[in-house]
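# can't give you the sequence, but here's the structure:
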């Protein structure tokens, strides 16, 4: 049986030496119980660190998923030694824990690729990641292709992202302009793009509400 790739999203203690780990991969989001994983003599010692990608063989016993073997490992956890990268990778893991349940190979590829992505501006790069997710997931918001009218605020319909006077969420036009700009730079060099932190946070809040509407 060929080992499938799984991304370790989080781990917690399940006993004195045991671990409970949450991973995302070919079986979707799974909870893995690793007995005696904190003992140096254990074959899985140091393997299930957050952000590592493992070639996992496993079996299920009732509601419990247990590891059989790890055929290979990409130790991306070492990349999180830098604080900025740790926050970035933690944000990606938190996104997966919140929104991902079922496996999609395109989403998996995006998530793994993003873990090792060169980060120039975390506030803008997270917007880029979430816009890429909406495109892959087939829920790209329509406001990305709409002309923005005048006014202090615009309404956004969460059903399709269309700008509407009766929209579910009201945002400043500057928020939508920023997201339009980030979207046009997907797949291109976006290092020159700059934006105020508060504007980025408002844009991320809108994307979070939009994504949650579609995947909840």
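Thanks, I have it. This is a predicted model, so every value here is computed, not measured. Residues are numbered from 1 along each chain as shown.
# could you look up the SS state of residue 161?
Per DSSP: H, G, I helix; E, B strand; the rest coil, the secondary structure class of residue 161 is coil.
# tell me how many other residues crowd the nearest residue to it once chain neighbours are set aside.
Nearest residue to residue 161, sequence neighbours excluded (CB to CB, 6 or more residues apart in numbering): residue 141, at 2.4 Å. Placement of C-beta: from N, CA and C, glycine included. For residue 141, the neighbour count with other CB atoms under 10 Å is 25.
# repeat for residue 73
Residue 73: 17 surrounding residues under other CB under 10 Å.
# tell me which residues touch the residue nearest to it when sequence neighbours are not counted, please.
What sits nearest to residue 73 in space, not counting adjacent residues and going by CB to CB, 6+ apart, is residue 54, at 5.1 Å. Contact analysis of residue 54 by CB atoms under 8 Å, 6 or more residues apart in numbering lists 5, 6, 8, 23, 47, 48, 70, 72, 73, 74.
# so where's the chain uncertain?
Where the chain drops to pLDDT under 70, the residues are 1-3, 189-190.
# can you show me the helices along it?
With DSSP state H, the ranges of helices along the chain come out as 83-99, 105-115, 122-137, 173-184, 197-215.
# reformat those as JSON lines; add distance to residue 15 and mean neighbour count.
What follows is these, written out as JSON lines (distance: least, CB to CB, whole Å; neighbours: other CB atoms under 10 Å):
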{"stretch": "helix 83-99", "distance to residue 15": "22", "mean neighbour count": "16"}
{"stretch": "helix 105-115", "distance to residue 15": "29", "mean neighbour count": "17"}
{"stretch": "helix 122-137", "distance to residue 15": "35", "mean neighbour count": "19"}
{"stretch": "helix 173-184", "distance to residue 15": "44", "mean neighbour count": "18"}
{"stretch": "helix 197-215", "distance to residue 15": "33", "mean neighbour count": "17"}
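# partner residues bridging residue 23?
Listed beta-bridge partners, residue 23: residue 8, residue 30 (assigned using DSSP bridges).
# same deal with residue 72?
Bridge pairing for residue 72 - DSSP bridges - gives residue 55.
# how near is it to residue 56?
Using CB to CB, to the nearest Å, one gets 9 Å for the distance from residue 72 to residue 56.
# next one: residue 85
Per CB to CB, residue 85 is found 24 Å from residue 56.
# residue 149 now?
Remark: distance between residue 149 and residue 56 (CB to CB) = 51 Å.
# of those two, which one has the most company?
More crowded of residue 149 and residue 56, by other CB under 10 Å: residue 56, with 26 against 9.
# residue 174 reaches residue 200, doesn't it?
No: with contacts defined as CB atoms under 8 Å, residue 174 does not count as touching residue 200, sitting 10.9 Å away.
# still on that earlier bit, tell me how far the residue nearest to residue 73 lies from residue 98.
Applying CB to CB, the value for residue 54 to residue 98 is 22 Å.
# next, count neighbours for the closest residue to residue 56 other than its chain neighbours.
Distance criterion CB to CB, 6+ apart; nearest residue to residue 56, sequence neighbours excluded, is residue 6 at 4.8 Å. Per other CB under 10 Å, the neighbour tally for residue 6 reads 26.
# show me what contacts the residue nearest to residue 161?
Taking CB under 8 Å, 6+ apart, one finds 134, 156, 160, 161, 162, 179, 210 in contact with residue 141.
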